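Colleague: Fold the following for me, if possible:
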Amino acid sequence: MMKILVAIDFSDATPEVAEQAGKLARAMQGEIHLIHVVEPRIAYDVAGIFPEDVVIPKEEVGKSMTIKALSEMRLRQLAEELKDQWGVAVHSKVTDEFDTQEAIETYAEKEGADMIIVGNHSHSFLSSVFLGSVAEEVIRHAKVPVLVVPVKAFDADKQGEGA
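Modeller: Numbers count the residues shown, from 1 in each chain. A predicted model of the protein is given here:
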């Protein structure tokens, strides 16, 4: 059975990336492994606060949650939606690592992923030069094929539909 690892960042592109993963998993009779990496950004590091310590109000559940717990809840919801819509097995993992690309690669190796799917956000040239992009790093270092879902293309399609 093909194992497809899907990097989820909870951006506006997430539904499109997830849909492509669902289509592929059903066509290949595979299973989906969703991963979301909560990065301890410099702000957390400087302040001595990590994502699991940051509490945010969450009105839907009537209590406060940490960023990591909220991410776990959202990823489980996405996993259920994919399972229901595409009829495939879906697993989810939230991790907090300093290097998103490395966390994705480590999980891919550990789970024996046959493919990785990432979204590619359109960043400015300077942003790409100085910050790089997770998609680019995953492509450079992956030991398995990487499918890049071009997020900008989906945004243009959606704008055309509303016109």
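
Colleague: Please make it C-alpha for all contacts and neighbour counts, starting now.
Modeller: Noted.

Colleague: Name the single longest helix found in the chain.
Modeller: Ranked by number of residues, the top helix in the chain under DSSP state H is helix 67-86.

Colleague: Buried residues in that helix, which are they?
Modeller: By neighbour count with 16 or more other C-alpha atoms under 10 Å, helix 67-86 contains the buried residues 67-68, 70-72, 75-76, 78-80, 82-83, 86.

Colleague: now for the helix or strand that that helix is followed by, which elements pack on it?
Modeller: Once helix 67-86 ends, the next helix or strand along the chain (criterion: DSSP states H and E) is strand 90-95. Secondary-structure packing of strand 90-95 (3 or more C-alpha pairs under 8 Å, 6 or more residues apart in numbering; DSSP states H and E): strand 31-37, helix 67-86.

Colleague: Let me see the mean pLDDT of the longest one.
Modeller: Pointing back at helix 67-86 there. Along helix 67-86, the predicted local confidence has a mean pLDDT of 92.

Colleague: Also stretch 29-43?
Modeller: When pLDDT is averaged over stretch 29-43, the result is 81.

Colleague: Tabulate the CA atom coordinates of that stretch in CSV.
Modeller: C-alpha atoms of stretch 29-43 as CSV (Å, rounded to 0.1, in the frame of the first residue of the first chain):
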residue,chain,number,x,y,z
GLN,A,29,-5.1,2.6,-3.1
GLY,A,30,-2.8,4.3,-0.6
GLU,A,31,-3.0,5.9,2.8
ILE,A,32,-2.4,9.4,3.8
HIS,A,33,-0.1,10.6,6.6
LEU,A,34,-0.7,14.3,7.5
ILE,A,35,2.1,16.1,9.3
HIS,A,36,2.0,19.7,10.8
VAL,A,37,5.1,21.2,12.2
VAL,A,38,4.7,23.8,14.9
GLU,A,39,8.0,25.7,14.7
PRO,A,40,9.4,27.3,17.8
ARG,A,41,10.1,30.6,16.0
ILE,A,42,12.8,33.1,17.2
ALA,A,43,10.1,35.0,19.1
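
Colleague: Thank you, goodbye.
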